[in-house]
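> Sequence below, structure please.
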Amino acid sequence: MARWAAVDKEDVHLATIRIYQSTMSSSGRSPRIFLFLPPDPNDPTPRAANLPQFPPDAAYIPAGEGAGGVQVDRYELDMVNEAVENQLVVAERPKDPGPPPPGTATAHPYNPRARTTILTGRVKHECNLRPLFNDSYRRQMRERSRAYNTPRRQIRMIEEAGVSGGRGGINRLSSGVNTGSFADMIKSKQKPAKGAFERMARMPRNQLLDLLFQLFREQPRWSIKPLRERTQQPEVYLKEILNEIAILNRSGEYNGTWELSEIFAREGVSDP
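Coordinates of the predicted model:
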């Protein structure tokens, strides 16, 4: 249907259907139905005499990119439902400007986006199309498989690869001599590795508690970043210990800072 939708002409031969009443389809139903599309006019392969003949102006539509380059021109039509009910085919057309309302001399302004829905037909049969596995289809599938499996990068001689200086350029590169004059004179600053704090070694729990109490004596509130820099501990481990002795302010003026819980503050660990 997508290929037929690309046709923008009238009275064009789109396809030919052949019905064989005395032959069973692959699904065990009778009759057997085939659909033939116009062949590629540039294909030099002679067409069999028993196949339908198309006029020169028949609508040959090449398959799109989704078909992978395979040009299928023969299908077998399987009748799935011979008595479809309550299925309609509708279309839209520009809405004609209506007559002016009673008592007025002018009609409503024309709206080019207005559309009228029209009934164009009723669906009576539901069918499926599947490509006919003939010699042409198998040959195209083999060619497509060969094209997909061919590596894009292949081994080439140095002279053909476009390397400056040919083999001499490769020798200079292997010996450490750069073909670019000052390409490596200025080295970019390396960024610190992500998660560097997580690779720090954990100190014993009692030592970390002593260090945290000492820091809370210096100031009553800390954010996690300076605490991590002062203790040099992994953030997950540091928060685990902080949850035992401190609370995190989640709102207000000190949002995001840690301070000792009330029980430790009363014992004089921090300044009043």
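
> At which residues are the helices of the stretch 51-200 of the chain located?
For the stretch 51-200 of the chain, the helices defined by DSSP state H, counting those that start in this stretch cover 135-149, 158-161, 167-174.

> Can I get the first one in CSV, CA atoms only?
Same thing as helix 135-149. Extracted in CSV, the C-alpha atoms of helix 135-149 (Å, rounded to 0.1, in the frame of the first residue of the first chain):
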residue,chain,number,x,y,z
ASP,A,135,14.0,-17.8,-7.9
SER,A,136,14.1,-14.0,-8.3
TYR,A,137,13.2,-13.4,-4.6
ARG,A,138,15.8,-15.9,-3.4
ARG,A,139,18.5,-14.3,-5.6
GLN,A,140,17.7,-10.9,-4.2
MET,A,141,17.8,-12.1,-0.6
ARG,A,142,21.2,-13.7,-1.2
GLU,A,143,22.5,-10.5,-2.6
ARG,A,144,21.2,-8.5,0.3
SER,A,145,22.7,-10.9,2.8
ARG,A,146,26.0,-10.8,1.0
ALA,A,147,26.0,-7.0,1.0
TYR,A,148,25.1,-6.8,4.7
ASN,A,149,27.8,-9.3,5.7
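
> Rounded mean pLDDT for it, please.
Within the predicted structure, the mean pLDDT of helix 135-149 is 77.

> tell me what that helix is packed against?
In terms of contact count using 3 or more CB pairs under 8 Å, 6 or more residues apart in numbering; DSSP states H and E, helix 135-149 is assigned no packing partners among helices or strands. C-beta coordinates here come from the backbone N, C-alpha and C atoms, glycine included.

> how distant is that helix from the center of its chain?
Helix 135-149 has its C-alpha centroid displaced from the chain centroid by 26 Å (CA atoms, centre = their mean, to the nearest Å).
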